[in-house]
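In: Mind looking at a prediction? Sequence and model below.
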Amino acid sequence: MITRWLVFLMSLLAAAPAAAQVYMPTFQNSTMLLDVYAYSFPTAKTATPPPRSSSDSNASPRDGQAAPANTRYRPSSAVTERVQRRFVAFIGQQSGPAGAREMEKVLATQDPTTSWLAVAGRDGLVPNDLVDAITAYWVLNWNVANQTDSTREQMQGARAQVRRAVAANPALSRLDEAGRQDLAEALVLNFLVQHAAFRDAAQVGDRVLMRRLSDAAVARFRNEAHLDLRGLKLTSRGFTP
């Protein structure tokens, strides 16, 4: 199910080898994403959580007392079309018109959620849930940065950690269905391209490209979340600095 995404990567390599080798699209709503990581590590030097109002001062992703947030959504075709148009435009900015056209072909023939589930579902993640989309994106980038692989147990630990962080974050917990879907589907698209790039490099044994993708993941999370992915440990209880 991931074949079309690899074809897309190969088309970029053929069109512009130098640019495609470091091609790793970034997430476009990094403010929201930064909040997740900040609430995951409220005392870490690498991330400072945003100020909280008195009404949520007792909510902490560590104490387990935050009220569960509704992170599921019923997919809307209108939201999906908007997210995909934005992503195609972003691809065009990064790789030119040819890259944008190739991405349009992929999206016309392959459902991103189905492709994502073929990968993330192996670790127990489910579609149409913002928490699972964030978790998969974070763990994938950690894997790429450290050139390793995670286990189902580690993925589930990260998922529980992200769920607590989202529940403790007023802005994220108050997102409506359309907002949750928009954020999640943008992450799914980024996940698929990044996963395809790293998987292909690993399969052909291209150590140089793997290192460049690793460095790109580190830079991306340093910019988006103020986190050093190589300075994090992933366990069955989630990420720890």
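Out: On my side now, so go ahead. All figures in this text were calculated on a predicted structure; none of them were measured in a lab.
In: Can you show me the strands along the protein?
Out: According to DSSP state E, the chain carries its strands in the segments 233-235, 238-240.
In: contacts for the last one?
Out: Looking back up the chat, that one is strand 238-240. Outside of strand 238-240, the residues within contact range by C-beta atoms under 8 Å, 6 or more residues apart in numbering are Ser40, Phe41, Trp138, Trp142, Gly157, Ala158, Ala160, Gln161, Val162, Leu232, Lys233. To be clear about C-beta, it is placed using only N, CA and C from the backbone, and glycine gets the same treatment.
In: Spatially central, which residue of this protein would that be?
Out: Relative to the mean C-alpha position of the chain, the nearest C-alpha, by C-alpha atoms, centre = their mean, is the one of Tyr137, at 2.5 Å.
In: hang on, isn't that one packed against Leu192?
Out: No: the pair Tyr137 and Leu192 fails to qualify as a contact (C-beta atoms under 8 Å) at a distance of 10.3 Å.
In: Next one: the residue nearest to the centre of the chain relative to Thr235, how far apart?
Out: Between Tyr137 and Thr235 the distance is 19 Å, computed by C-beta to C-beta, to the nearest Å.
In: Equivalent analysis for Phe221, please.
Out: Distance from Phe221 to Thr235, counting by C-beta to C-beta: 18 Å.
In: would you turn the strands of the chain into a markdown table with mean pLDDT and mean neighbour count?
Out: Converted to a markdown table, these look like this (pLDDT from 0 to 100; neighbours: other C-beta atoms under 10 Å):
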| stretch | mean pLDDT | mean neighbour count |
| --- | --- | --- |
| strand 233-235 | 96 | 16 |
| strand 238-240 | 94 | 20 |
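In: any chance of those in TSV, with distance to Ala108 too?
Out: Supplementary listing: those in TSV, determined by distance: least, C-beta to C-beta, whole Å:
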stretch	distance to Ala108
strand 233-235	36
strand 238-240	36
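In: can you tell which of these is closest to Ala171?
Out: Counting by C-beta to C-beta, Ala171 lies closest to strand 238-240 out of these; the figure is 20.8 Å.
In: Which strands border the closest one, and is each parallel or antiparallel?
Out: Under the criterion DSSP bridges, strand 238-240 sits next to strand 233-235 (antiparallel) in its sheet.
In: what does the partner strand rub up against?
Out: Counting by C-beta under 8 Å, 6+ apart, Val139, Trp142, Ser150, Gln154, Gly157, Ala158, Phe239, Thr240, Pro241 sit against strand 233-235.
In: The fourth one contacts Trp142, doesn't it?
Out: What it means is Gln154. No: with contact defined as C-beta under 8 Å, Gln154 does not reach Trp142; the gap is 9.2 Å.
In: Neighbours of Ala165, how many?
Out: When neighbours are defined as other C-beta atoms under 10 Å, Ala165 has 28 of them.
In: Then the one 5 residues further on?
Out: Pro170 has 16 neighbouring residues, counting by other C-beta under 10 Å.
In: same thing with the one 5 residues further on?
Out: Under the neighbour criterion other C-beta under 10 Å, Leu175 is assigned a count of 21.
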